[in-house]
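Visitor: Quick check, what structure comes out for this input:
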Amino acid sequence: MGCKYKRFIEEDTAFKDYENLFEAYLARELTTLEKRKIQWLAESEYETVGVIYDLIKELAEKK
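Guide: Predicted coordinates:
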């Protein structure tokens with residue numbers, strides 16, 4: 001399962017993926033505070049980052 005989330009090892013990639021996901025589904029730019037919190041999340045262990053990303057994406061797609 002860990003290999004599935006390998007792209008999230010790099011914090012910059014994780015941050016950009018989250019930023020793009022949220023901005024696409026929210027249809028707006030994120031605030032500075034929101035970006036800081038996403039950066040905090042991106043610094044977490046990569047499997048955690050990946051699982052949370054997939055959960056958020058799944059919820060957003062059910063809209």
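Visitor: what about the residue sitting nearest the centre point of the chain, which helix or strand?
Guide: Nearest to the mean C-alpha position of the chain, by C-alpha atoms, centre = their mean, lies residue 18 at 2.8 Å. Using DSSP states H and E, residue 18 sits in helix 11-26.
Visitor: what comes up buried for that helix?
Guide: Neighbour-count burial for helix 11-26 flags 14, 15, 17, 18, 19, 22 (criterion: 16 or more other C-beta atoms under 10 Å). Where C-beta positions appear, they are placed from N, C-alpha and C, glycine not excepted.
Visitor: pLDDT of it, averaged?
Guide: Averaging pLDDT along helix 11-26 yields 97.
Visitor: Show me what it is packed up against.
Guide: Applying 3 or more C-beta pairs under 8 Å, 6 or more residues apart in numbering; DSSP states H and E, we find helix 11-26 packed against helix 32-42, helix 46-61.
Visitor: Quick one: closest of those helices to residue 7.
Guide: With C-beta to C-beta as the measure, helix 46-61 is the member of those nearest residue 7 (7.9 Å).
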